[in-house]
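Enquirer: Quick one: sequence and predicted model below, then my questions.
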Amino acid sequence: MKLIIINGPNLNLLGKRENDIYGDETFNDFFERLQKKYPKVKLAQFQSNIEGELIDKIQETGYEYDGIILNAAAYTHTSVGIGDAVKAVTAPVVEVHISNTFSRETFRHVSYISPNARGIILGFGLQSYELALQSFIMDR
Ligand code: DQA
């Protein structure tokens, strides 16, 4: 199975960004652990701070991969373009957030991804990504 994790703005700062909310681990360290734990899954990752690059990556992988695990970060709450890309592609997209966005500011309660997501996992720290991965394995 071929999956990609697509991360949006500021998620390159994991490990040194608001550690009380996002934890101490860098995404690369976490990603390496995940790859080792699920050797049968062909797991790729992509991060960008640029909205259009995220849309390009969703288009590029969304007709080829078995699934996309998407944390669009702040763009979740603003981007009609990313929402449309999620709607356009054939690969199922699982929306992920590290924090429980519903326990935070009200502007984080809105998501342009959710209406077209296969499902949503949030609030479990970096484990949210692993739970999303498991949802693809369970689907099989
Ligand atoms: C986030 C939640 C967003 O509201 C925020 O802008 C992020 C990260 C999360 O994973 O909890 O950058 O997507």
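Expert: The structure has been received and is ready for your questions. Because the structure is a prediction, the values reported are computed rather than measured. Numbers count the residues shown, from 1 in each chain.
Enquirer: Show me what from the chain comes close to the ligand.
Expert: By the rule Cβ under 6 Å from any ligand atom, the part of the chain lying against the ligand is 10, 71, 73-74, 76, 97-99, 101, 108. Every C-beta, even on glycine, is put in place using the N, C-alpha and C of the backbone.
Enquirer: how about 8 Å then?
Expert: 8-11, 21-22, 71-74, 76-77, 96-101, 104, 108, 122, 128 (Cβ under 8 Å from any ligand atom).
Enquirer: of these, buried ones?
Expert: Among the residues of the chain next to the ligand, those scoring as buried are 8-9, 11, 22, 71-73, 76-77, 96-99, 101, 108, 122, 128 (criterion: 16 or more other Cβ atoms under 10 Å).
Enquirer: Now, these that are in helices?
Expert: Residues of these located in helices (DSSP state H): 22, 128.
Enquirer: Residue ranges in the protein under the pLDDT threshold?
Expert: 139-140 (pLDDT under 70).
Enquirer: residue boundaries of the strands in it?
Expert: For the chain, the strands defined by DSSP state E cover 2-7, 42-47, 67-71, 93-97, 119-122.
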